[in-house]
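Undergrad: quick one, structure for this:
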Amino acid sequence: MPHPAPPLIGRAHDCAALCTLLSDPAARLVTLTGPGGVGKTRLALQLAQDLRDIFADGVFFIDLAPVSDASFVPVAIARALGLEAGTAPLDTLTRALAEQPSLLLPDHFEQVVAAAPIVAELLSAAPYLRILATSRTPLRLRCEQEYAVEPLALPPEQGAHAVETYAAVALFVRRAQAIQPQFALTGENQALVAAICRRLDGLPLAIELAAARTRLLPLPALLRRLDQRLAVLNDGPRDLPARQQTLRATLE
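TA: Coordinates of the predicted model:
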């Protein structure tokens, strides 16, 4: 598994629902779907932490973002499990997983959606295996249960109270404080923060990138730039994949 991520904001309901779902032996394949930047990977990583005790033989994260050929998916999974893929990687996997109550987390499955039959074959050969996939599109397998990941909750344009309790605003504030510890939500700026979050449709990645720009831009100027173009969202952390460092890269 990757290193622990920052605390998850605004997903308590999703975590509870998905933990219940994945605790059901009948839920063999669950796919988190949604647009780029909505937080599918981050939610999957949190679920992996929450479910470690259920899957005694391990929880394994498989990053499929660099994989473009569906035939290489068994190799990527074998490597994540620490196995030598050999000349027949699918056979290697089915033998290794046959009796293990394991959870696989293939991330960015939309890259290799043609490999969906491989998932079906693994599930058929390994009765204790569960798979939690993330993908912008469903895998379209008969055993699949799709769970749509929605954007974060937003305050309404009119009559919003306790703006800081909305997940989108809370995320913006937390990320802005990581850049500027003195940043605080006040009666003077809360309407601007709420408007920025609404402009970004509650997408976590977009909100994090916008919050990073508060180092250089006052909130009114940031909102004006967002109204003009989204290219201003280009200041993501360098230790994230390139596709998550700018909003344009995510869209592409």
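Undergrad: excluding its backbone neighbours, what's nearest Thr134?
TA: Lys40 (4.0 Å; C-beta to C-beta, 6 or more residues apart in numbering). In short, each C-beta sits where N, CA and C put it, glycine included.
Undergrad: next: Pro35.
TA: In space, and not counting its chain neighbours, Pro35 is closest to Arg136: 6.5 Å by C-beta to C-beta, 6+ apart.
Undergrad: what does Arg198 give?
TA: Leu154 (5.4 Å).
Undergrad: next, that neighbour: phi, psi?
TA: phi -120, psi 150 (degrees, to the nearest 10).
Undergrad: kindly report the same for Ala115.
TA: phi -90, psi 10.
Undergrad: number of residues surrounding it?
TA: Neighbourhood size, Ala115 [other C-beta atoms under 10 Å]: 21.
Undergrad: any idea how far it lies from Leu141?
TA: The gap separating Ala115 from Leu141 is 11 Å, by C-beta to C-beta, to the nearest Å.
Undergrad: tell me, how many residues neighbour the residue nearest to Thr134?
TA: 24.
Undergrad: surely Ala116 and Leu139 touch.
TA: Yes - between Ala116 and Leu139 there is a contact under C-beta atoms under 8 Å: 4.2 Å.
Undergrad: list the residues that contact both of these two?
TA: Common contacts of Ala116 and Leu139, defined by C-beta atoms under 8 Å, 6 or more residues apart in numbering, comprise Phe109.
Undergrad: so what's the closest residue to Ser135 other than its chain neighbours scoring on pLDDT?
TA: Nearest non-adjacent residue to Ser135, counting by C-beta to C-beta, 6+ apart: Phe109, 3.9 Å away. Reading off the confidence values, Phe109 has pLDDT 97.
Undergrad: my read: Phe109 touches Thr31, true?
TA: Yes - Phe109 is within contact range of Thr31, at 7.3 Å (criterion: C-beta under 8 Å).
Undergrad: intersection of neighbour lists for the two?
TA: Common neighbours of Phe109 and Thr31 are listed as Ala133, Thr134, Ser135, Leu139 (criterion: C-beta under 8 Å, 6+ apart).
Undergrad: now, which of these lie within helices?
TA: Among those, DSSP state H puts none in helices.
Undergrad: residues contacting Leu18?
TA: Counted by C-beta under 8 Å, 6+ apart, Leu18 has contacts Val30, Leu32, Leu43, Leu47, Leu132, Tyr147.
Undergrad: try 10 Å
TA: Taking C-beta atoms under 10 Å, 6 or more residues apart in numbering, we find Leu18 in contact with 11, 27, 30, 32, 43-44, 46-47, 50-51, 132, 145, 147, 149.
Undergrad: in a helix, it, correct?
TA: Yes - counting by DSSP: H, G, I helix; E, B strand; the rest coil, Leu18 falls inside a helix.
Undergrad: distance check, it against Leu152.
TA: On the measure of C-beta to C-beta, Leu18 and Leu152 end up 16 Å apart.
Undergrad: I'd say Leu203 and Leu152 touch.
TA: Yes - assessed by C-beta atoms under 10 Å, Leu203 is found in contact with Leu152 at 7.8 Å.
Undergrad: now the common contact residues for these two.
TA: With C-beta under 10 Å, 6+ apart as the test, Leu203 and Leu152 both reach Val38, Gly39, Ala168, Cys197.
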